[in-house]
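Trainee: Everything below, folded, please.
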Amino acid sequence: MKYRDGIFATLALAVTSVALAGVVYTDAYSQAAKAEVSGLRALTHQVENGETVACVDTAMMPGATVQR
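Mentor: Next up is the predicted model:
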């Protein structure tokens, strides 16, 4: 049982490593990172300019006005 768990863990680590390498080498990771950064920049720009931002939980936004 002990050896079987070790073999399973080793195989799982190997498969995970191959999958991660595949994501990194296909530029899917860099495209997702660029999309996330551009979205964060757009959100930061809106907040800095004082524009109204839709939020589900307004309790997390100190000093925010609630529009209903």
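
Trainee: Gly50: what secondary structure?
Mentor: coil (DSSP: H, G, I helix; E, B strand; the rest coil).

Trainee: what's the neighbour count on it?
Mentor: Using other Cβ atoms under 10 Å, Gly50 has 7 other residues around it. In this view, the C-beta of every residue, glycine as well, is placed from N, C-alpha and C.

Trainee: need the contact list for it.
Mentor: Residues in contact with Gly50 (Cβ atoms under 8 Å, 6 or more residues apart in numbering): none are found.

Trainee: if I look at it, how far off is Thr44?
Mentor: Note on Gly50: its distance to Thr44, by Cβ to Cβ, to the nearest Å, is 12 Å.

Trainee: Ok, Ala9 next?
Mentor: From Ala9 to Thr44 the distance is 42 Å (Cβ to Cβ).

Trainee: I'd like the distance from the strand or helix carrying Ala33 to the chain centre, please.
Mentor: Secondary structure assignment for Ala33, by DSSP states H and E: helix 28-48. Distance of helix 28-48 from its chain centroid, counting by Cα atoms, centre = their mean, to the nearest Å, is 11 Å.

Trainee: tell me the mean pLDDT for it?
Mentor: Helix 28-48 comes out with an average pLDDT of 80.

Trainee: Would you mark the buried spots in it?
Mentor: Buried residues in helix 28-48, counted by 16 or more other Cβ atoms under 10 Å: none are found.

Trainee: what do you get for stretch 5-16?
Mentor: With burial defined by 16+ other Cβ under 10 Å, not one residue of stretch 5-16 is counted as buried.

Trainee: Return it as PDB; C-alpha atoms alone will do.
Mentor: Once non-C-alpha atoms are left out, stretch 5-16 reads as follows in PDB (Å, rounded to 0.1, in the frame of the first residue of the first chain):
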ATOM      1  CA  ASP A   5       0.700   5.600  -2.800                       C
ATOM      2  CA  GLY A   6       4.300   6.600  -3.700                       C
ATOM      3  CA  ILE A   7       3.900   5.500  -7.300                       C
ATOM      4  CA  PHE A   8       0.600   7.300  -7.600                       C
ATOM      5  CA  ALA A   9       2.000  10.500  -6.100                       C
ATOM      6  CA  THR A  10       5.000  10.300  -8.500                       C
ATOM      7  CA  LEU A  11       2.800   9.800 -11.500                       C
ATOM      8  CA  ALA A  12       0.500  12.600 -10.500                       C
ATOM      9  CA  LEU A  13       3.500  15.000 -10.100                       C
ATOM     10  CA  ALA A  14       4.800  14.000 -13.500                       C
ATOM     11  CA  VAL A  15       1.500  14.500 -15.300                       C
ATOM     12  CA  THR A  16       1.000  17.800 -13.500                       C
END
